[in-house]
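In: What follows is a predicted protein model with its sequence.
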Amino acid sequence: MIKPSRRSNRSTKKTFLSILLASSIASTSASSNLQPKERQVRHRELSNRRHVLGERDDAAVPGGFKIVGDSGVSAQMMFLGTEKTVYILDKAENNSMQVTNSDGLTHPAWGTTYDLTSNSATAMSVSSNTFCAAGLPVANGSWVVFGGNQPVTYEGVATKDANGANPYLNTDGGAAIRLLTPCDDGNCAWQEGGDALTMSGKRWYPSVELLGDGSLIVLGGDNNGGYVSTFVQNNPTYEYWPKKSSGGIHMDFLNYTVPVNLFPLTYLLPGGKLFLQAAYKTILYDMDTLTETPLPDMPYAVRVYPASAATAMLPLTPANNYTVSLLFCGGSSAPFNKSSDGGAAFNVTAIPADDTCVRISPEDASPQYVDDDSMPEGRSMGNFIWLPDGTLWMGNGVNMGTAGYGDEKYSIGQSYGQAPLYQPAIYNPSAPSGKRWSRDGLGESIQERMYHSSAILLPDSSVLISGSNPNKDVTFEQWSTSYEVEQWYPLWYNEERPVPSGFPTSLSYGGDSWDLTYTPKNTSSDPSNTKVVVIRTGFSTHAINFGQRYLELETSYTQNTDSGEVTLHVSQLPPNSNIFQPGPAMIFLTVDGVASQGKMIMIGSGQIETQPVSAASVLPESSTTASETKTDDSSADSSDSANSTTSSSQQNTAAKSAAALSAGLKLSTTIFGGIAGLVGLTLTLL
């Protein structure tokens, strides 16, 4: 493993200050003043104070947190399936919530549906051990979850090491695929088993990314659990789903990044190649030619698990011609080359988490990592969540150590992470350098969100947060298993929301534009500050939201100066399905930084296939117009005055549309090989 580059302006004083800061944060947090059992009682009391999602909640404190419910199982994995339903998965462990299988046998649950209208959880049957799996939706809206760990019994002991004892009734999740078509009535269930739902090999901590045809690629992972990967455990291959005859395909990158290549950070680029990052290495990967192109090494710190930095693709907008830039914040520069699948082999809890942020634009002529504003403090296991206003919420995580757990008792409990962080921060990618991070008006949670916590955006623009269990099994000793579900509310949450005339149910790649209308409540509102954005919230686990993307659609407007009503002319997606892949997503209207209620829509054709692509439409120039009025002037040729229209030069001109079309025509030739023969099987299965 290559050593990190030396940081500028860093010293041993920095390390001392980080430790001091971690101590201060831990001692002054509202939560740390309570003993573990007292915290649990307090959380359960707070969970009884609930509200209905989507309604303006006067009890919600903008910038603050509110505990709203109980997840039933600890939310190691979480995703938004519909506007009203969240799905939660946990590892196989001794949760008190029980579920009965179709064979009549009852065991602890490790899957639930979470109803956002009642904030209540209902157990779901999952047989295979989902410990450290990954997932995403495909083009038709079904969600697919890959991998996991071997079957276990109490305290996470493998059943093979416990004389076959299996009180949890879990099966091997290593090569398992689980399939779900979300619903709101509780009548949908996880499908498991059979050749179509079994991978070519075991994958514990794999990565998943959507491709331009709406299929999935699954990369890397280990055969079974451990702190870091080893050559014995490593699975240096990738495969596709729906399955292809090629099975597992070898990738050198997944070998030379051992021991820190679990959950390799993977993004599909507009040109059709994959960006991959693990250890300190970065490549572009051509899936057609199986070619790796080296990019510069990651500076300062390891960003993948167990360092677990926060990562995000920055907004794709007309202004940046839908160019991809990637952001990495935090992680750890701990000496992971000393570690193995058996444990850290050094006191990882004494090492401060990294505070640096870097950006890279992988499709530039000469891509380079560049420094961005450092975070307010070092953070491992921080979660980036896109808000509709174009800012990133950063929450969860710890200031010392990393993800993972062990029996070494380096610090408190089994956790390899210490000094939990209770206060989030907001990152504004469009702010000037030096002013991108802010905590103004933000409150603190009373809940630790450490290893195995998750977070997702909801349709009302709040962030749903749950999970945390840095232990082998369920425990209420510090740091304890958490079932508390909380929401964080953006600073503008209680402001009056814009109400658009209506969103489409789907968006295509190129094609005719569409209109929506709204009337701003503020007469001084500038329509040029209005935007329509599409967000894929992703599959949240281990500080990653697989598939999360934020895209702003091109718009122009016509405003009636008398009524104030704005007609917004909105483009379809850019004519390139690699920029924002097919499948479900949410759409928002944001006016002067305040978002409407989000609506779930379908991107693309709704099928796993080469997506239909049309030329981008040319939007009309933005303009203002006055209503027709009567006149008493008898000498007028007409009793109606002529419409007065003033054209204004706005960003959405024909030239800009042509530029977007040019960018969109970077269509990938990476088409899912042999898909025609598999689509019939897939549709029958789905």
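Out: Okay, I see it.
In: Would you state the strands of the stretch 151-300 of the chain in chain order?
Out: In the stretch 151-300 of the chain, the strands defined using DSSP state E, counting those that start in this stretch lie at 177-180, 207-210, 216-219, 237-241, 249-250, 265-268, 274-278, 281-286, 291-295.
In: now the helices: where do they sit in this structure?
Out: 12-28, 36-46, 253-256, 654-664, 675-685 (DSSP state H).
In: want to throw the strands of the stretch 151-300 of the chain into CSV with distance to residue 361?
Out: For glycine as for every other residue, the C-beta is placed from the backbone atoms N, C-alpha and C. What follows is the strands of the stretch 151-300 of the chain, written out as CSV (distance: least, CB to CB, whole Å):
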stretch, distance to residue 361
strand 177-180, 34
strand 207-210, 18
strand 216-219, 22
strand 237-241, 24
strand 249-250, 27
strand 265-268, 12
strand 274-278, 10
strand 281-286, 12
strand 291-295, 11
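In: Turn those into TSV, including mean pLDDT.
Out: Listed next are the strands of the stretch 151-300 of the chain as TSV, based on pLDDT from 0 to 100:
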stretch	mean pLDDT
strand 177-180	98
strand 207-210	98
strand 216-219	98
strand 237-241	98
strand 249-250	98
strand 265-268	98
strand 274-278	98
strand 281-286	98
strand 291-295	98
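In: and residue 422, which of those is closest to it?
Out: Among the strands of the stretch 151-300 of the chain, the nearest to residue 422 by CB to CB is strand 265-268 (26.3 Å).
In: okay, that closest one in PDB with CA atoms only?
Out: Extracted in PDB, the C-alpha atoms of strand 265-268 (Å, rounded to 0.1, in the frame of the first residue of the first chain):
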ATOM      1  CA  LEU A 265     -15.600   3.900  -4.300                       C
ATOM      2  CA  THR A 266     -17.200   3.600  -7.800                       C
ATOM      3  CA  TYR A 267     -18.900   6.100 -10.100                       C
ATOM      4  CA  LEU A 268     -20.100   5.800 -13.700                       C
END
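In: quick one: strands adjacent to it?
Out: The strands beside strand 265-268 in its sheet (DSSP bridges) come out as strand 274-278 (antiparallel).
In: Report the backbone C-alpha coordinates of the strand it pairs with in CSV.
Out: Only the C-alpha atoms of strand 274-278 are listed here, as CSV (Å, rounded to 0.1, in the frame of the first residue of the first chain):
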residue,chain,number,x,y,z
LEU,A,274,-16.0,3.8,-14.3
PHE,A,275,-14.0,5.9,-11.7
LEU,A,276,-12.6,3.7,-9.0
GLN,A,277,-10.8,4.7,-5.8
ALA,A,278,-9.4,2.4,-3.0
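In: Numbering from 386 from now on, please.
Out: New numbering, starting at 386: the last item is strand 659-663.
In: Contacts made by it with the rest, please.
Out: With contacts defined as CB atoms under 8 Å, 6 or more residues apart in numbering, strand 659-663 is touched by 594, 602, 604-605, 638-639, 642, 645-646, 649-654, 667-670, 672, 680, 683, 688-689, 709, 711, 713, 747.
In: try 7 Å
Out: Contacts with strand 659-663, where a contact means CB atoms under 7 Å, 6 or more residues apart in numbering, come from 594, 638, 642, 645-646, 649-654, 668-670, 672, 683, 688-689, 711, 747.
In: Could I have the buried ones of those as PyMOL selection syntax?
Out: Buried subset of the contacts of strand 659-663, written as a PyMOL selection, criterion 16 or more other CB atoms under 10 Å:
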select buried, resi 594+638+642+645+646+649+650+651+652+653+654+668+669+670+672+683+688+689+711+747
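In: Now do the most centrally placed residue in the chain against residue 770, distance only.
Out: Closest residue to the average C-alpha location of the chain: residue 930 at 2.4 Å, with CA atoms, centre = their mean. Distance of residue 930 to residue 770, given as CB to CB, to the nearest Å: 7 Å.
In: With residue 744 instead?
Out: For residue 744 relative to residue 770 (CB to CB), the value is 18 Å.
In: who's more crowded, the two?
Out: Neighbour totals were compared for residue 744 and residue 770, and residue 770 leads with 26 against 16 (other CB atoms under 10 Å).
In: For the closest residue to that one other than its chain neighbours, the count of nearby residues, please.
Out: Closest residue in space to residue 770, ignoring its immediate chain neighbours: residue 778 at 4.4 Å, by CB to CB, 6 or more residues apart in numbering. With neighbours defined by other CB under 10 Å, the count for residue 778 comes to 22.
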